[in-house]
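Peer 1: sequence and predicted structure are below.
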Amino acid sequence: MRWLLALMLVLCINVVNADILPFNTPDSHTATIVSGTWNGGDYTVAFDSNYTSFTSADTTSAQGRIYLNYTNSSLVNDSDNVYWYVKDGKGTENLTIPSACLDNNDTILQLQLASFVGGDNSKSANWLCHNGTAFIIIRNTNAHLTLDYNRLYDNTIYFNYTAPISPPTPEPLPQTQLGLFFGALMTIGIGVIIGRSIYENKRL
């Protein structure tokens, strides 16, 4: 049995699995307030990694928009999965970034957070990404007259990047193949000797 295990070890030693990095976040992003008057005057709490504090447009018939431009999207654009974890006044959700927003730019992933208060004081929020032509809505809380759906708590981009496939390993030279063959035979021989020795010792 031991010689069989040794042989399996020799045969499997060159098996290499694909290198997959864990879910992570891009290196950096820049934020720009576009319009609106914000609750407390501080819109940065919408991206301060604190999912307890919030900001929102806070006057009737108002809207507030924040751009988040992720500058390390060379990794993001090559990812298997890109998720946007968001929290607003309606709750939390893991949004999938559409491929149209990932494929249009090799250097920047453009996102937008929007908070609204209607003329009837209804409140809502949108989460958008840029597809190269315009911003498209990924999440819409819909307007609510009594609940503060326009609150923006926080958001995080996560990506799962799969490393490129390594180039194929060149075929070993004939003498290398011969060496591997004799090495395997030697391993089998040692295994047989050990197994036989154990068997004879047990008989004694």
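Peer 2: All right, it came through fine. Every value quoted in this text rests on a predicted model; they were computed, and no experiment measured them.
Peer 1: give the buried residues for stretch 45-52.
Peer 2: 45-47 (16 or more other C-beta atoms under 10 Å). Quick note: C-beta positions are derived from backbone N, CA and C, even for glycine.
Peer 1: S124 and L102: what is the separation?
Peer 2: 26 Å (C-beta to C-beta, to the nearest Å).
Peer 1: same deal with I157?
Peer 2: From I157 to L102 the distance is 11 Å (C-beta to C-beta).
Peer 1: neighbour count: these two, which is higher?
Peer 2: Shown here are I157 and L102; by other C-beta atoms under 10 Å, I157 has more neighbours (22 against 19).
Peer 1: so for T60, what's the pLDDT?
Peer 2: In the predicted model, T60 carries a pLDDT score of 86.
Peer 1: SS state for it?
Peer 2: coil (DSSP: H, G, I helix; E, B strand; the rest coil).
Peer 1: and it, its phi and psi?
Peer 2: phi -60, psi 140 (degrees, to the nearest 10).
Peer 1: contact partners for it?
Peer 2: 117-119, 121 (C-beta atoms under 8 Å, 6 or more residues apart in numbering).
Peer 1: give me the neighbour count for the nearest residue to N131 once chain neighbours are set aside.
Peer 2: Distances taken as C-beta to C-beta, 6 or more residues apart in numbering put A100 closest to N131, at 4.1 Å, once the chain neighbours are dropped. Neighbourhood size, A100 [other C-beta under 10 Å]: 13.
Peer 1: so what touches whichever strand or helix holds I136?
Peer 2: For I136, the host element (DSSP states H and E) is strand 135-140. Strand 135-140 is contacted from outside by 84, 86, 88, 93, 95-98, 100-101, 110, 112, 124-130, using C-beta under 8 Å, 6+ apart.
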